[in-house]
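[1] just coords:
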């Protein structure tokens, strides 16, 4: 069953950016934007050049960092006490 999720250009651009990042798992994209791995793949196929899509698919297929279930261990990243939290991809300005 296909979901009806409407994304604006800014959200689509951010999803593409996150999908290209090696350390951003598909689960993070799903939590933030409500689209699963299959839908991300479909979006990438539609939005980027065929040669870029092929290169991206080759890179992410089976990559442990893109699939949370394949990760050996969770990485605890350093976060400064002065760093503000980011939710729903909206960064507040100072």
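    Right, received. Where do you want to start? All values derive from a computational prediction rather than experimental measurement. Residues are numbered from 1 along each chain as shown.

[2] all contacts plus neighbour counts: C-alpha atoms, from now on.
    Fine.

[3] could you say what helices and strands the helix or strand hosting residue 17 packs with?
    Taking DSSP states H and E as the definition, one finds residue 17 inside helix 9-20. Using 3 or more Cα pairs under 8 Å, 6 or more residues apart in numbering; DSSP states H and E as the contact test, the elements touching helix 9-20 are helix 26-33, helix 37-47.

[4] try 7 Å
    Taking 3 or more Cα pairs under 7 Å, 6 or more residues apart in numbering; DSSP states H and E as contact, there are no helices or strands that helix 9-20 lies on.

[5] What are the buried residues along it?
    Neighbour counts over helix 9-20 (16 or more other Cα atoms under 10 Å) mark 12, 15-16, 18-20 as buried.

[6] And the residues you listed, which is closest to residue 54?
    Distances from residue 54 to the buried residues of helix 9-20, taken as Cα to Cα, are shortest for residue 20 (12.2 Å).

[7] Identify the spatial nearest neighbour of that closest one, chain neighbours not counted.
    residue 56 (7.1 Å; Cα to Cα, 6 or more residues apart in numbering).

[8] before we move on, what about residue 60?
    Looking at residue 60 with Cα to Cα, 6+ apart, the closest residue is residue 66, at 6.6 Å.

[9] What residues does the one you found make contact with?
    The neighbours of residue 66, taking Cα atoms under 7 Å, 6 or more residues apart in numbering as the test, are 22-26, 60.

[10] measure the residue nearest to residue 20 to residue 13 for me?
    15 Å (Cα to Cα, to the nearest Å).

[11] Out of the contacts of residue 66, which end up buried?
    24-26, 60.

[12] now those as TSV including distance to residue 42 and pLDDT?
    Shown next, in TSV, are the buried ones among the contacts of residue 66 (distance: Cα to Cα, whole Å; pLDDT from 0 to 100):
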residue	distance to residue 42	pLDDT
24	17	88
25	16	89
26	13	90
60	14	86
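
[13] one step back: so what pLDDT did the residue nearest to residue 60 get?
    Listed pLDDT for residue 66 reads 72.

[14] Identify each buried residue in stretch 28-41, please.
    In stretch 28-41, counting by 16+ other Cα under 10 Å, buried: 28-29, 33, 35, 37, 40-41.

[15] Between the two ends of it, how far is it?
    Per Cα to Cα, stretch 28-41 runs 14 Å from first to last residue.
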